[in-house]
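K.L.:
how would this look folded up:
(chains A, B, C and D)
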2 protein chains.
Amino acid sequence: MSIDFQKNLSKETSGSLADQVRDHLRIRILRHEWLPGGKIPGEFELADQYDVARVTIRTALRSLETQGLIDIRHGSGAYIADFGDSVRAGLQELRSITQTIREMGHKAEMTTKSSVIRKATHQEAIDLQITEEDNVLHIERAIAADGTVVVFSYDTFNVAELTPAVIKKMTNGSVFTALNSIRKHPVRARAEIHAISSTDIGWGRDRPKSGLYLLLRQVHYLRNGTPIFTGDTYFVEGKFQFIIHRTV
Amino acid sequence: MSIDFQKNLSKETSGSLADQVRDHLRIRILRHEWLPGGKIPGEFELADQYDVARVTIRTALRSLETQGLIDIRHGSGAYIADFGDSVRAGLQELRSITQTIREMGHKAEMTTKSSVIRKATHQEAIDLQITEEDNVLHIERAIAADGTVVVFSYDTFNVAELTPAVIKKMTNGSVFTALNSIRKHPVRARAEIHAISSTDIGWGRDRPKSGLYLLLRQVHYLRNGTPIFTGDTYFVEGKFQFIIHRTV
DNA sequence: CATCTCTAAGTTGTAGTACAACTATTAAGG
DNA sequence: CCTTAATAGTTGTACTACAACTTAGAGATG
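P.N.:
This next block holds a predicted model:
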């Protein structure tokens, strides 16, 4: 038996075969095909299902383990890690926030507050390895899950790496899909984590009263090492669950 | 040629063969055996060096890639990630907090506020997979760097897994070294990150006025999957900088 | 019946070989 | 000089075989 999983991945840029299998397995897990704590099929059976070699399945499962979705036990099997209903994301994987929300079964909505091109600030010039004379694209957006704002996002792009078409697409859709269209998708990011309490973050009536955020300050890099954009992402505390799988 | 890497790992209880190779390769990387951006030996040569199969090397390299230390390129090779040194003291390598502080060049000091054995709370019983009738060891400690408190720590152990000698040792020294003495060191941990604003955290006059913390809520597991202890670690915002790698 | 021990089957971990897919270098040709 | 093609080198995948480990069950033992 062979699962035709290619069509399920048509949106993704589909990396290696193992990455495709991993992404498809992640969807199956997040759709609760197996119960939390339950055991997923063995590597031989999965290799049969996807019609790939066992080593490919193993590579995919290892990746899912580092993402905290499963727990592999020698001689026993791979088990679904139990997690609640809240939107959940691993910090070690570079993914679209909106897509993560959708995969968790929620309705994701994104609104753009502003999108301007201006000179780079001092810090932005350093992070993006440009000068303060160069132009950057600054976008402020809010992302909601099931009608509730969970993320305020401030992104700054190096305009020199973009095209006008992409800039327009960026304001409406996902950043990553827009970058994908010109084959400039980031493969690595350097991120700082901070706890922030501020009333200056966010806007509109959706702004949470607590003013408590988990700030993820990132610089995203292309494969060749050049920085493509920086992002200050403010996660409303309690609305987003971050999981880290720590292996010794 | 075969590298005798076993003795280099004598302190660790060495997990799988691939994990041992990964740990040894990580040491070689952090000791700058190869320059940032430089290429490490191919999989065949590494398999030769360590006298293991190529699949074992591949498993180790994939793990190092998810940790952000290397960058594997199909058809080319594996390259040392080109980031600063600070990045490599990231969240995934946070084993002992005191040791991390010392590695940063500061003086680490740890004071124990209380150490009691009591019944487990509801949440603790769930996390440790015990009942509320079972006993737990609860330790409250503060960790200071150069005289300033940077971390408040609340750890809760499953007493059934401990011995009286270890409990005594736990109060004075590092948790991990104490657990090591009875071969019960955690190999996996699941961590949640939260932003917390509270005046109930911490104690003494070292308690920060802001009351703003980055909470690392962890459950540590043994190799067989049984939870050994939970830890709520409150990092005083601004005093401790987390830098992590994000890979696709 | 309850409990323990051992066996057996099932699963992941490692070894080894072979080839496909991709990359970077080099050589040939204009 | 530039472009193109051949070539060697590297990672990705396939396949087989066995080792190491876990679990469940049969069977012995009290």
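K.L.:
quick one, phi/psi of A:Arg22?
P.N.:
Dihedral pair for A:Arg22: phi -60, psi -50, per degrees, to the nearest 10.
K.L.:
Check A:Asp23 too.
P.N.:
With angles defined as degrees, to the nearest 10, A:Asp23 shows backbone torsions of phi -60, psi -40.
K.L.:
What's opposite A:Arg73 in the beta bridge?
P.N.:
Note on A:Arg73: beta-bridge partners A:Gly77, judged by DSSP bridges.
K.L.:
That one reaches A:Tyr79, doesn't it?
P.N.:
Yes. Here A:Arg73 lies in contact with A:Tyr79, judged by CB atoms under 8 Å, at a distance of 7.0 Å. Just so you know, the C-beta spots here come from the backbone N, C-alpha and C atoms, and that holds for glycine as well.
K.L.:
Out of the two, name the residue with the larger neighbour count.
P.N.:
Between A:Arg73 and A:Tyr79, A:Tyr79 has the larger neighbour count (other CB atoms under 10 Å in any protein chain shown), namely 18 against 12.
K.L.:
can I assume the more buried one sits in a helix?
P.N.:
No. Applying DSSP: H, G, I helix; E, B strand; the rest coil, one finds A:Tyr79 to be strand, outside a helix.
K.L.:
per-residue pLDDT, it?
P.N.:
Looking at A:Tyr79, its pLDDT reads 93.
K.L.:
And A:Val116, by the same measure?
P.N.:
A:Val116 carries a pLDDT value of 93.
K.L.:
Please apply the same query to A:Asn158.
P.N.:
Predicted confidence (pLDDT) for A:Asn158: 90.
K.L.:
How about A:His106?
P.N.:
Turning to A:His106, the model gives it a pLDDT of 88.
K.L.:
what's around it, how many residues?
P.N.:
Neighbourhood size, A:His106 [other CB under 10 Å]: 18.
K.L.:
so where does it fall, helix or strand?
P.N.:
Per DSSP states H and E, A:His106 falls between elements, in no helix or strand.
K.L.:
Grab the nearest non-local neighbour of it.
P.N.:
Residue nearest to A:His106 in three dimensions, not counting chain neighbours: A:Ala145, with 4.4 Å by CB to CB, 6 or more residues apart in numbering or on different chains.
K.L.:
That neighbour reaches A:Ile101, doesn't it?
P.N.:
Yes. Assessed by CB under 8 Å, A:Ala145 is found in contact with A:Ile101 at 4.7 Å.
K.L.:
could you list every residue that touches the closest residue in space to A:Ser198 that isn't next to it in sequence?
P.N.:
What sits nearest to A:Ser198 in space, not counting adjacent residues and going by CB to CB, 6+ apart, is A:Gly211, at 5.6 Å. The contact partners of A:Gly211, taken as CB atoms under 8 Å, 6 or more residues apart in numbering or on different chains, are A:197-199, A:201.
K.L.:
Sitting in strands, which of these do you find?
P.N.:
Those of the contacts of A:Gly211 mapping onto strands are A:Ser197, per DSSP state E.
K.L.:
For DNA strand D, state which of the contacts of A:Gly211 is nearest.
P.N.:
Nearest to DNA strand D among the contacts of A:Gly211: A:Ile201, at 39.4 Å, using CB to the nearest atom of the strand.
K.L.:
What helix or strand is A:Tyr154 located in?
P.N.:
Assigned by DSSP H and E, A:Tyr154 falls within strand A:148-158.
K.L.:
for DNA strand D, what are the nearby residues on chain A?
P.N.:
Proximity of chain A to DNA strand D is confined to A:16-19, A:51-56, A:59, A:73-76 under the rule CB under 7 Å from any atom of the strand.
K.L.:
That'll do, ta.
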